[in-house]
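Novice: here's a sequence, model it:
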Amino acid sequence: MSDASLTAIVEFQIRPENVTMDGWLDIWDKRARDAWEGEPETSAYAAAVNLEDERNVLVFERYTHGQGSIRKHQQREAHAELTRTMGERNVTKRRMLSALFEDVPDYGWWSRPDADGQGGAAGAIVTVLGMHFADDATRAAFIEVSGGHAEYCWREEPETLIYTGGLATADADREIDLKTGDLVFVMVTTDMAATEKHANDPNHLALGARFAERGIAMDQVFLRSYRATGNGYFWR
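Specialist: Now for the predicted structure:
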């Protein structure tokens, strides 16, 4: 198993008859504080609410040393306590989706050193896009072109806090048809205005033509957007 950094996204649906979203987050926040204070290999652990269904909450996680770091995270007493508390109070209805993906080296960025990752960037917009390519060469070409665009975004879009992605390490087990090797792209911006500014930038709009010139085609597997709650952290 690779020791490379891994990102995990897990979306849960709460039981509104038993708990409010704020109540669910209060329970989860204790676990996030423990991760911040006691898990140096858990480099991100933040919560964000689905913009289309406010019953759904995404937990965004990053682990510095892959599965080894995940095991350490799951072995914490605070993790067992979270599981017990959630179960006893019956506050989570179901897991809606989950995906695990390994970093693409030298592709965009996972943090901005001039911004504060602690506090979960309250109000930030988290966009997660899954893409399938016909073959590895097409995927590599997409990463090359979009990686070049990321360099522009780094310079010109300080409101874009995260802009990168990774390759799925396994097939998704529910709701989304993500397959091993698919690209999962993550963008986090300070707010919706920044997301719209990015989408409408002429350089971004020109990407379609650049992909066409290279014969790059992809299938969109899923696209979801969330608003960060301010619980947890997106980077250290």
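Novice: let me know the pLDDT of the residue positioned nearest the centre of the chain.
Specialist: Taking CA atoms, centre = their mean, the centroid of the chain lies closest to residue 60, which sits 4.9 Å from it. In this prediction, residue 60 carries a pLDDT score of 98.
Novice: secondary structure element for the closest residue to it other than its chain neighbours, which one?
Specialist: Closest residue in space to residue 60, ignoring its immediate chain neighbours: residue 46 at 4.7 Å, by CB to CB, 6 or more residues apart in numbering. To be clear about C-beta, it is placed using only N, CA and C from the backbone, and glycine gets the same treatment. Applying DSSP states H and E as the criterion places residue 46 in strand 42-50.
Novice: what lines up beside that strand in the sheet?
Specialist: Next to strand 42-50 in the sheet, as set by DSSP bridges, lie strand 56-63 (antiparallel), strand 219-233 (antiparallel).
Novice: circling back to that earlier point, thought the residue nearest to the centre of the chain was touching residue 47?
Specialist: Yes. In terms of CB atoms under 8 Å, residue 60 counts as a neighbour of residue 47; the distance is 7.5 Å.
Novice: overlap of the contact sets of those two?
Specialist: When contacts are counted by CB atoms under 8 Å, 6 or more residues apart in numbering, residue 60 and residue 47 have residue 232 as shared neighbours.
Novice: any weak-confidence spans in the chain?
Specialist: The model of the chain has pLDDT under 70 over residues 1, 117-120.
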